[in-house]
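Visitor: structure, please.
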Amino acid sequence: MRFFAEREITSGLALRLAAMILIALLPLGLLALAQTWMTMRQTDETRLAASVGHTLQDALREIRLIRASQVTAQLLANSLRKDPESCASQIAAYATSDGRISRAGFVDASGAMRCSSDGVTRDFSQTSRFASILASDQPRIFHDPEWSDPGQSDISLTWPVSEEPGRPAGFVLLWLPESALIGMPEDPVARPAGDRDSPLALIAANGAGEVIYASTGIAGAPAWLPRGASLQSLTASEAHSFFDSPPGGETLMFSWAPINTDLFLLGVWPLPAEDSFFRRHVLPYLFPALMWLTGVAVTILGVERLVTRHVRRLSREMRDFTSGNRLSQDSALDRPPAEIASLAEDYHSLTATILRDEAEMENLVRQKDELLREVHHRTGNSLQLIASFLRMHRRETDDIGIRLVLDDLHNRVMSLSSVHLGLYRMAGGTEVAVDLLMAEVIAKVDLIHGRSGQKGAVQADLMPLVLQSQQAVPLALLLAEILSCFPPSEAGDQPVRIRLSHGPATDYTDAARTGPAETARTAAFPASPGPGLEGSGQTPPQIARLEVSGAISARGRLTGEHSGAPSVIGARLIRGFVTQLPGDLQIIEEGARIRAMVTFAFDPSLVETDAATGNAAVPGSDTKARTAPPPPPVQSPPKHSLH
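Guide: Numbers count the residues shown, from 1 in each chain. You can find the predicted model right below:
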């Protein structure tokens, strides 16, 4: 049943149809996955494109301030070019007009700040940036602690001043404090309240890829830079957005927006709340998966409802029917399809026909058993009648020799009669409990030969054994004939021992154990396995052995060497019964005793193995035989004795 259940699960109709549905829905599922992926990609592209505009909107106030400061530097440079003598007054006037500028000054070609808004002069000739700034004809913006006062974080803006093309006279230098950019209020026009999320960081860089401003502070800017791209590499690209992660952080959205050749913006944005792992990597693909699972579930439920449960019920009925249970048949199915209903109707018609045929066969078998019992009954009665005739003839003759012959024939006929009457009392049938039959034959033969009152004269050990009647009848007749070879008048102090055993063939292939005065012979089993074993597939074959031993005086009767017709006839009968088994006969001498050993094969499927069965003693002898239910009461055969 476990193998059947595993096979039903792995190769069932529902599983196969579900696999077919999965294959049928595979193109649709792949198409749905592709469309979902394309939709997510378009959503990402739209979101990335929008983030550039959002970055520009959020940095609009910083851009305006930086651009305004650059315009101030340009105007101041033009004024100084026209009137360099009024440097101090012009610088003071511009610095005073723009309160967001902390300081302003003019640095000449020697690197000295000749005039400034606060009157402080400095020398920048030894700084690393001075030479490049002086040689450039473009404005510069940078953040360098060397160019700021100690403890100040300023954005430095320069604008070149030339006396004539190719001859730089110096440059205007403005300082824009970082605190002025960070502390600026939100622009309600550029970013309405509640419109969207705020950027995590806004970072401004110059054309060299140097950070000049960060909304989180220039000191904290490196923690928000993308790990996969440097600012210097981004300066050569156009406005775009991309996904990356800062050092040691989670994935974020970065927006890169060029303002001019020396000013670039980098916006760092968090992923939207709907971009969680579940919503981004699971939820979009859940619909195709649910479509597949729904198809499989509908298929399994449909097959279970319409087909499998009805087939399972019919299969259970078939198994019950084959195992012998006839009570659960013809049960109605619950609204089956027309095809399965027709199949169930045909099956129930078939089982009804089989049951009817089985009933007829049982009647025939019962009649056959009754006829067989009647045959044994009539045969036993006829043999008893013949024994009575022999007893009458014995009384009418005075010849001692004839009397001995008639006594021997009378005893033999009565022994045969006891076998048939025993079969009759055992209720017939094709299988016979041989141990019970033998126990009854031993008791009858003891009675015939006058041993019934002698305790220990016959000792029997009969192992429970069931044989078909084709072997049971000749075996019982063989036992009766062998027992007649051991008359009590010649037994002396030697009891007759009877042993019936059976087991695998390997237990009976050893040579017979013999005494000093005998010749050992190995049993030769017949090539034929015996009735009922053809094609049975039993390995190894089962072997049964009947052993009868007694006084050595029985040797002549067993072998037919004893003088007189009775012993010759008895020996021939013994050999004939052995041939009918078929089996092998050995006559083994064991000192003062002789043993007749008959070995034959039988059908092991008929051996009774009920361990709960007990042993009972057969009246009149020391015989142990298996107990069995008492046979049905029958009419006792008539006694035809004319004493």
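Visitor: just the strands in the stretch 101-250 of the chain please.
Guide: 103-108, 113-116, 140-142, 154-164, 167-177, 201-205, 211-214, 240-244 (DSSP state E, counting those that start in this stretch).
Visitor: next, format those strands as TSV and append mean neighbour count, distance to Ala32 and mean pLDDT.
Guide: C-beta: built from backbone N, CA, C; applies to glycine. What follows is these, written out as TSV (neighbours: other CB atoms under 10 Å; distance: least, CB to CB, whole Å; pLDDT from 0 to 100):
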stretch	mean neighbour count	distance to Ala32	mean pLDDT
strand 103-108	23	64	88
strand 113-116	18	69	86
strand 140-142	21	52	91
strand 154-164	20	53	86
strand 167-177	22	55	87
strand 201-205	24	38	91
strand 211-214	24	44	89
strand 240-244	16	24	87
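Visitor: I'd like these as CSV, with distance to Asp262 appended.
Guide: Below are the strands of the stretch 101-250 of the chain laid out as CSV (distance: least, CB to CB, whole Å):
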stretch, distance to Asp262
strand 103-108, 18
strand 113-116, 22
strand 140-142, 6
strand 154-164, 10
strand 167-177, 14
strand 201-205, 9
strand 211-214, 9
strand 240-244, 19
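Visitor: the closest residue to Gln126 other than its chain neighbours: neighbour count?
Guide: What sits nearest to Gln126 in space, not counting adjacent residues and going by CB to CB, 6 or more residues apart in numbering, is Gly111, at 7.4 Å. Using other CB atoms under 10 Å, Gly111 has 17 neighbouring residues.
Visitor: gap between Gly111 and Thr322?
Guide: Per CB to CB, to the nearest Å, Gly111 is found 111 Å from Thr322.
Visitor: state which helix of the chain is the longest.
Guide: Ranked by number of residues, the top helix in the chain under DSSP state H is helix 338-396.
Visitor: what's downstream of that helix, the next helix or strand?
Guide: helix 400-425 (DSSP states H and E).
Visitor: any buried residues in that next one, and which?
Guide: Buried residues in helix 400-425, counted by 16 or more other CB atoms under 10 Å: 405-406, 408-425.
Visitor: wait, Ala480 sits on Val441?
Guide: Yes: the criterion here is CB atoms under 8 Å, and Ala480 meets it with Val441 at 5.4 Å.
Visitor: give me the element Leu265 is part of.
Guide: Using DSSP H and E, Leu265 falls in strand 263-269.
Visitor: and the angle for that strand with strand 201-205?
Guide: 160 degrees (axes from the mean of the first three to the mean of the last three CA atoms, to 10 degrees).
Visitor: ok, and what's touching strand 263-269?
Guide: Here strand 263-269 makes contact (CB atoms under 8 Å, 6 or more residues apart in numbering) with 51-52, 54-56, 58-59, 63, 66, 141, 197, 199-207, 224-225, 231, 234-235, 246, 252-259.
Visitor: hmm, which of those are the buried ones?
Guide: For the contacts of strand 263-269, buried by 16+ other CB under 10 Å: 51-52, 54-56, 58-59, 63, 66, 141, 199-207, 224-225, 231, 234-235, 246, 252-259.
Visitor: contacting residues for Ser148?
Guide: Ser148 neighbours (CB under 8 Å, 6+ apart): 154, 156, 175.
Visitor: what number of residues lie near Met38?
Guide: With other CB under 10 Å as criterion, Met38 counts 10.
Visitor: got a pLDDT number for it?
Guide: Model confidence at Met38, expressed as pLDDT, equals 80.
Visitor: confirm that it sits in a helix.
Guide: Yes: when classified by DSSP: H, G, I helix; E, B strand; the rest coil, Met38 is found to be part of a helix.
Visitor: make residue 1 into 823 and carry on from there
Guide: With 823 as the first residue, the last one maps to Met860.
Visitor: which residues of the stretch 1073-1222 of the chain score low on pLDDT?
Guide: 1094-1103, 1105, 1149-1153 (pLDDT under 70).
Visitor: ok, now the stretch 873-1022 of the chain?
Guide: 1005-1019.
Visitor: rerun that using 80 as the cut-off
Guide: Where the stretch 873-1022 of the chain drops to pLDDT under 80, the residues are 906, 917-922, 971-974, 985-989, 1001-1020.
Visitor: quick one: the helices in it, in order.
Guide: Using DSSP state H, counting those that start in this stretch, the helices of the stretch 873-1022 of the chain run over residues 882-904, 909-919, 952-957, 1000-1004.
Visitor: would JSON lines of these with distance to Asp1268 be doable?
Guide: Formatted as JSON lines, the helices of the stretch 873-1022 of the chain follow (distance: least, CB to CB, whole Å):
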{"stretch": "helix 882-904", "distance to Asp1268": "130"}
{"stretch": "helix 909-919", "distance to Asp1268": "149"}
{"stretch": "helix 952-957", "distance to Asp1268": "139"}
{"stretch": "helix 1000-1004", "distance to Asp1268": "128"}
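Visitor: which strand or helix spans the residue nearest to Gln1402 when sequence neighbours are not counted?
Guide: Using CB to CB, 6+ apart and skipping the chain neighbours, the partner closest in space to Gln1402 is Pro1296 (3.9 Å). Per DSSP H and E: Pro1296 is located in helix 1291-1305.
Visitor: buried residues in the next helix or strand after that helix, which are they?
Guide: Using DSSP H and E, the helix or strand that follows helix 1291-1305 in sequence is strand 1318-1326. Within strand 1318-1326, the residues that count as buried by 16+ other CB under 10 Å are 1318-1322, 1324.
Visitor: what does strand 1318-1326 contact?
Guide: 1256-1257, 1260, 1264, 1279-1285, 1287, 1301, 1305, 1308, 1362-1372, 1424, 1429, 1445.
Visitor: that one pairs with which strands?
Guide: Partners of strand 1318-1326 in the sheet, by DSSP bridges, are strand 1280-1284 (parallel), strand 1364-1373 (antiparallel).
Visitor: deepest of these, which one?
Guide: Per residue and on average, the most neighbours among the strands paired with strand 1318-1326 fall to strand 1364-1373, with a mean of 23 (mean count of other CB atoms under 10 Å).
Visitor: returning to that earlier point: which of the strands paired with strand 1318-1326 sits closest to Met1113?
Guide: When the strands paired with strand 1318-1326 are ranked by proximity to Met1113, the top entry is strand 1364-1373, at 63.8 Å, counting by CB to CB.
Visitor: pLDDT on the closest one, on average?
Guide: On average, strand 1364-1373 scores 90.
Visitor: taking helix 1291-1305 as reference, get the angle to it.
Guide: 10 degrees.
Visitor: quick check: Met1236 touching Ala1209?
Guide: Yes: using CB under 8 Å as the test, Met1236 is close enough to Ala1209 to be in contact (5.0 Å).
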